[in-house]
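> What would the 3D arrangement of this be:
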Amino acid sequence: MLKQDATDSIIIIGAGGIAQTAHLPAYRLAGFTVKGIFDTDHQKAKSVAEQFDIDNVYASLQEAINASDHTVVFDLAVPASQLLQILEQLPAKSTVLLQKPMGENLQNAKNIVEICKQKQFIAGVNFQLRYAPFILKAKELIANDVIGTITDIDIKVNVLTPWHLWDFLFDLPRVEILYHSIHYIDLVRNLLGNPKSVIAKTIQHPAMSKLASVRSNICMDYGQYLWANIATNHCHDYGSKHQYTHIKIEGTKGAILIKVGLLIDYPNGIPDEFEYCILKEESPVEWQQVSIDGTWFPHAFIGSMNEMLKAVNDKSYVPDNHVNDCLHTMACVEAAYLSNEISGIKPESF
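Got it, this is the predicted structure:
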């Protein structure tokens, strides 16, 4: 991890749940300096500042901007609908980390990329699953050719998600893919590159009928020999015994299985599990369990911000989570929704 320079600092815009449970705990763990915080709810911002020992609470966005300089990263921990209007007010050549999703649809994402280009921002998106400690370990094994060439990525989620924690979602036309499965789409892209096409179906559930969608199946097409599938069900209200979230990566030499504990009894979660196996001639398959230090929330949020701090220190550095890359994740999300609208091919009737 990059050691933060003494002059590097973060100004966080938004003091909501994601800032309190993920951004700020992650920055505390990493030793990042948070210079100040602003929220339209000033009392909330003051409360969060006291909790995380933040010296400055700004009364307005303009006051936060006035307190910034070229060493600051603006951390926009706000809903997708607010990103553009805030970006329009930030100074040219700012360094900015945007909370996911990157706008509410692909056109929003394109507009974000355009304003970042016009104002010469160094801007990244907080698609943080790609930096989760268990994903970094998987990437290490893949990079070292431990499991060979990837042939299969299978992501399955079967949990009971407390959607009421995010009340703004109840007014939105897009929910499950845009606000949850987007993490998995971005992860698959980060590991495999851009797919040839996307096939998807996303639907409601009678017990959660006030939400636009809570279950999805997404197939990302990488050709004849490479499978990438995402299946999510957030409505398993039958106890925790058979709830699960797993990320399985198979290769020509071995396989990785990650059990993601965060989503079981969210936000409490249970411990993650990481296992891998290597194929050996004339030997039985043996799975090895690896202890991983850290988990998705809050540890993965360190990686997203670290990319922006690298860019502050080296203006030639292009962050791994740059908006130009993350635009392709939004394109895949848009393709998934378009596929859902087109629906499948009706079988012939007899």
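> Please count neighbours and contacts with C-alpha atoms only from this point.
OK.
> Skipping adjacent residues, who's closest to N56 in space?
G36 (4.4 Å; CA to CA, 6 or more residues apart in numbering).
> just checking, that neighbour touches D53?
No - with contacts counted by CA atoms under 8 Å, G36 stays clear of D53, the gap being 9.7 Å.
> give the contact list for the nearest residue to D39 once chain neighbours are set aside.
Spatially, and ignoring its direct neighbours in sequence, D39 is nearest to G14 (4.7 Å; CA to CA, 6+ apart). Neighbouring residues of G14 by CA atoms under 8 Å, 6 or more residues apart in numbering: 37-40, 45, 76-78.
> residues touching the residue nearest to N56, list them.
G36 neighbours (CA under 8 Å, 6+ apart): 10-12, 49, 54-58, 64.
> Among these, which are located in helices?
49, 64 (DSSP state H).
> any idea which of the contacts of G36 is closest to T329?
In terms of CA to CA, no member of those lies closer to T329 than I12, at 24.1 Å.
> what's the spacing between that closest one and A19?
In this view, I12 and A19 are 8 Å apart by CA to CA, to the nearest Å.
> okay, and the common contacts of the two?
By CA under 8 Å, 6+ apart, the residues touching both I12 and A19 are A77.
> Now do the helices in the stretch 201-350 of the chain.
300-313, 323-342 (DSSP state H, counting those that start in this stretch).
> still on that earlier bit, backbone phi and psi for the residue nearest to D39, please?
In terms of degrees, to the nearest 10, the main-chain angles of G14 are phi 110, psi 130.
> now do I199
phi -120, psi 130.
> Leaving out chain neighbours, which residue sits closest to it?
Nearest to I199 is C219, by CA to CA, 6+ apart, at 5.1 Å.
> Tell me if I'm right that that neighbour and I230 touch.
Yes - taking contacts as CA under 8 Å, C219 lies within contact range of I230: 6.4 Å.
> Distance of the nearest residue to I302 once chain neighbours are set aside relative to D320?
Using CA to CA, 6+ apart and skipping residues adjacent in sequence, the residue nearest I302 is A26, 5.5 Å away. Distance from A26 to D320, counting by CA to CA: 18 Å.
> Tell me which of those two has more neighbours.
A26 (21 against 17; other CA atoms under 10 Å).
> Please give the element, helix or strand, for V113.
helix 106-118 (DSSP states H and E).
> Point out where the stretch 1-150 of the chain drops to low pLDDT.
Scanning the stretch 1-150 of the chain for pLDDT under 70 picks out the ranges 1-7.
> in it, which spans are strands?
For the stretch 1-150 of the chain, the strands defined by DSSP state E, counting those that start in this stretch cover 9-13, 34-38, 56-58, 72-76, 95-98, 122-125, 150-158.
> between those, which one is nearest to N194?
Closest to N194 of the strands of the stretch 1-150 of the chain is strand 150-158 (CA to CA; 13.9 Å).
> Contacts made by the very next helix or strand once past the closest one with the rest, please.
Using DSSP H and E, the helix or strand that follows strand 150-158 in sequence is helix 176. Under the criterion CA under 8 Å, 6+ apart, residues 202, 212-216 lie in contact with helix 176.
> mind listing what's buried in stretch 180-193?
Using 16 or more other CA atoms under 10 Å as the test for burial, stretch 180-193 gives 181-190.
> Break this protein down into its domains, please.
Listed domain ranges for the chain are 9-126, 130-290 (source: automatic domain parsing).
> Make a markdown table out of the contacts of helix 176 and add neighbour count.
Shown next, in a markdown table, are those (neighbours: other CA atoms under 10 Å):
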| residue | neighbour count |
| --- | --- |
| T202 | 24 |
| A212 | 19 |
| S213 | 22 |
| V214 | 22 |
| R215 | 21 |
| S216 | 22 |
